[in-house]
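Chemist: quick one: sequence and predicted model below, then my questions.
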Amino acid sequence: MPLLLRIRTRDGTERLTVDANCTLRQLREKIETEYGVPQEDQTLSLNQGLLLANARAEDFDDLAPARAKDAKLVRQLGIDHGSIVYLSYSVEREPTPTAAASHRSELRGGKMTVEAMIAAQTRIERQETPNCASVSFDAHAANAFQQYVNGTLGFNQMRFGWMYGTVNDAGEVLVDAIYEPEQEGSEDAFIISEGSEEDARADAIASALGMQKVGCVFNITTTKPREFTLSAFEVREMAKRQAAAAAAAAAAAADGAEKKDGKTTFVTAVVMMLEDEDEGPQVSFEPFQVSDQCVRLYADGWFHDEPCEDRGLTRMTKEVIVADGVSKDVTEVDNDRWLVAVPIKDHSGALSTKFPIENRLHPIQTMEDLKDSLSQSGMEYSARLRDFHLLLFLSKHLGTDDLGAFYTLVPIRPRWRGERRSLRTLPGASLRPPLAFNPRPPCFQLHLTPFNSTPPSLCMERPSVDVAKTARRGGTIAEGYKIIIDSLAGLG
């Protein structure tokens, strides 16, 4: 980790960042480069007496150039992160501006109280209440996601999904579908493909079904022990998505929509494996938001690109104030300070989640799956189409506009269940694997489908539009599309 040093001179105090393995010679070279003070004119010391008016440079030799000292690390000489190093020189120079210098114009000719000076600094505050009242998950959608990360990936790899649903007037978020975009995952991170044609189709289908993007979901792996709730990468991803949602809400407000005061109900669900004292390992859905302050600081560029050695801390680009008994200036913040817990519920929605889910390692969506879904007996034809993933699959061949005839046949009418702190058991679908629990079940090799790849089974031509025209002569538009879809599935 780099060392932040305070270099105090007769012109003031300036900050200098050096490498953790910096030697005394390299420190002098850095001062010459950054401050323009030649090495031969530098007198360095850890003794503040160096800056007294009657001080003689030769009396301060603790950091004086010497063959025995020059190659030593500054840490070996008593210089560590946050240390004050005193520097004396004779050249004329313009000191680099400091945080205090930015306020000098305000102080000249006026007064600033201690309270005002403290208020001018950024203090990290915990947020107790989320911006959404609660989040409720469709039991089947949640179970389909956890079964894949548990049964197939074995919690060895991170997986991401977009959550679609609705938000009512009370600020309660209802999640009815989870779309898993093209992505690459590792044990510590994931990279998703954004802005693709499939993303646009997913958004369009959700919108036509009366849903919007209400949050995201990802799992954390069990490959490494962790003594923190979420890592810096995970908090950063949450802040990034929440900031984008807040910006979209602000843009909508500018266009005349209801103003939300810069806040958003966008919520993140974290799927994790927890140890239950009575029942053993359990899969749990834990919903969070990051604080409004976290979103604001991320959007303003306060989050450092270089991570901390401790993944449970977030590195900042500027010093902030935290209170741990006493207030102190830090550049690393405990990730738990950003997190706001969200109450969780579950419900049974109108959508099915039986069709294979897109962009997964296994199983891959095929026309045979479409045929099986449409061949279900004892169900109305529209009911067989009530599956977000099936509609998304069809959109690859029909286009989102062609599916409009069926959108109204898929109402979103959730049935609420009880509120809980975390979702560990889902009615009608177990969160555990079908067999006895195995913390490391056999799984497929952890390499996801590459971006922009299409399985051969999907490379089929769209049926002729003449089929639809012929059908429309004697029936409704929906009946015409039914013939097209049946033809795709081999049922025509």
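Modeler: Received it, and whenever you're ready, just let me know what you need. Small disclaimer: the values here were computed from a predicted structure and weren't measured.
Chemist: which strands and helices sit next to the host helix or strand of Y164?
Modeler: Secondary structure assignment for Y164, by DSSP states H and E: strand 160-167. Packing partners of strand 160-167 (3 or more Cβ pairs under 8 Å, 6 or more residues apart in numbering; DSSP states H and E): strand 172-179, helix 197-208, strand 212-219. In this view, the C-beta of every residue, glycine as well, is placed from N, C-alpha and C.
Chemist: rounded mean pLDDT for the longest one, please.
Modeler: When you say that, I think you mean helix 197-208. Averaging pLDDT along helix 197-208 yields 92.
Chemist: packing partners of that helix?
Modeler: Contacts defined by 3+ Cβ pairs under 8 Å, 6+ apart place helix 197-208 against strand 160-167, strand 172-179, strand 212-219, helix 388-398, helix 404-407.
Chemist: quick check: D80 is in a helix.
Modeler: No - per DSSP: H, G, I helix; E, B strand; the rest coil, D80 lies outside any helix segment and is coil.
Chemist: ok, and the closest non-adjacent residue to it?
Modeler: L3 (6.7 Å; Cβ to Cβ, 6 or more residues apart in numbering).
Chemist: including mean neighbour count, distance to I124 and mean pLDDT, could the helices and strands packed on helix 197-208 go into JSON lines?
Modeler: Formatted as JSON lines, the helices and strands packed on helix 197-208 follow (neighbours: other Cβ atoms under 10 Å; distance: least, Cβ to Cβ, whole Å; pLDDT from 0 to 100):
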{"stretch": "strand 160-167", "mean neighbour count": "24", "distance to I124": "27", "mean pLDDT": "97"}
{"stretch": "strand 172-179", "mean neighbour count": "25", "distance to I124": "26", "mean pLDDT": "97"}
{"stretch": "strand 212-219", "mean neighbour count": "23", "distance to I124": "24", "mean pLDDT": "97"}
{"stretch": "helix 388-398", "mean neighbour count": "22", "distance to I124": "39", "mean pLDDT": "88"}
{"stretch": "helix 404-407", "mean neighbour count": "17", "distance to I124": "45", "mean pLDDT": "53"}
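Chemist: so can I have a markdown table of these showing distance to N143?
Modeler: Shown next, in a markdown table, are the helices and strands packed on helix 197-208 (distance: least, Cβ to Cβ, whole Å):
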| stretch | distance to N143 |
| --- | --- |
| strand 160-167 | 13 |
| strand 172-179 | 10 |
| strand 212-219 | 12 |
| helix 388-398 | 14 |
| helix 404-407 | 25 |
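Chemist: among the ones you listed, which comes closest to R296?
Modeler: Of all these, it is strand 212-219 that lies closest to R296, at 19.1 Å by Cβ to Cβ.
Chemist: list the strands paired with that closest one, with their directions.
Modeler: Using DSSP bridges, the strands paired with strand 212-219 are strand 160-167 (antiparallel), strand 267-276 (parallel).
Chemist: quick check: longest helix of the protein.
Modeler: Criterion DSSP state H: the longest helix present in the chain is helix 232-254.
Chemist: and that helix, average pLDDT?
Modeler: 91.
Chemist: what does stretch 57-64 give?
Modeler: In this model, stretch 57-64 carries a mean pLDDT of 88.
Chemist: also stretch 311-320?
Modeler: Stretch 311-320 shows a mean pLDDT of 93.
Chemist: ok, and for that stretch, which residues are buried?
Modeler: Across stretch 311-320, burial judged by 16 or more other Cβ atoms under 10 Å covers R311, G312, L313, T314, R315, M316, V320.
Chemist: surely the fourth one meets E237?
Modeler: No - assessed by Cβ atoms under 8 Å, T314 is found out of contact with E237, at 11.8 Å.
Chemist: quick one: contacts of stretch 287-298?
Modeler: 122, 124-127, 130-132, 135, 215, 230, 235-236, 238-240, 242-243, 246, 262-263, 266-270, 303, 316, 337-344 (Cβ atoms under 8 Å, 6 or more residues apart in numbering).
Chemist: now list the buried members of those residues.
Modeler: For these, buried by 16+ other Cβ under 10 Å: 122, 124, 127, 130-132, 135, 215, 230, 235-236, 238-240, 242-243, 246, 263, 266-270, 303, 316, 337-340, 342-344.
Chemist: where along the protein do the helices fall?
Modeler: 24-35, 67-70, 104-107, 114-119, 139-147, 197-208, 232-254, 292-299, 367-374, 381-384, 388-398, 404-407, 465-474, 477-489.
Chemist: I'd like the distance from the fifth one to the chain centre, please.
Modeler: Translated: helix 139-147. Using Cα atoms, centre = their mean, to the nearest Å, the mean C-alpha position of helix 139-147 is found 20 Å from that of the whole chain.
Chemist: what do you get for the second one?
Modeler: When C-alpha coordinates are averaged (Cα atoms, centre = their mean), helix 67-70 and its chain have centres 47 Å apart.
Chemist: kindly report the same for the longest one.
Modeler: Taking Cα atoms, centre = their mean, the mean C-alpha location of helix 232-254 is offset from the chain mean by 9 Å.
Chemist: with just CA atoms, put it into CSV.
Modeler: Extracted as CSV, the C-alpha positions of helix 232-254 are listed here (Å, rounded to 0.1, in the frame of the first residue of the first chain):
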residue,chain,number,x,y,z
ALA,A,232,-14.9,-3.3,-2.1
PHE,A,233,-15.7,-4.6,-5.6
GLU,A,234,-19.2,-5.6,-4.6
VAL,A,235,-19.9,-2.3,-2.9
ARG,A,236,-18.5,-0.4,-5.9
GLU,A,237,-20.8,-2.4,-8.2
MET,A,238,-23.8,-1.6,-6.0
ALA,A,239,-22.9,2.1,-6.0
LYS,A,240,-22.4,2.1,-9.7
ARG,A,241,-25.8,0.6,-10.5
GLN,A,242,-27.6,2.6,-7.8
ALA,A,243,-26.0,5.9,-9.1
ALA,A,244,-27.1,5.0,-12.7
ALA,A,245,-30.7,4.4,-11.5
ALA,A,246,-30.6,7.7,-9.5
ALA,A,247,-29.4,9.5,-12.6
ALA,A,248,-32.1,8.0,-14.7
ALA,A,249,-34.7,9.0,-12.1
ALA,A,250,-33.3,12.6,-12.2
ALA,A,251,-33.5,12.6,-16.0
ALA,A,252,-37.1,11.4,-15.8
ALA,A,253,-37.9,14.2,-13.3
ALA,A,254,-36.5,16.7,-15.7
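Chemist: many thanks, I have nothing further to ask.
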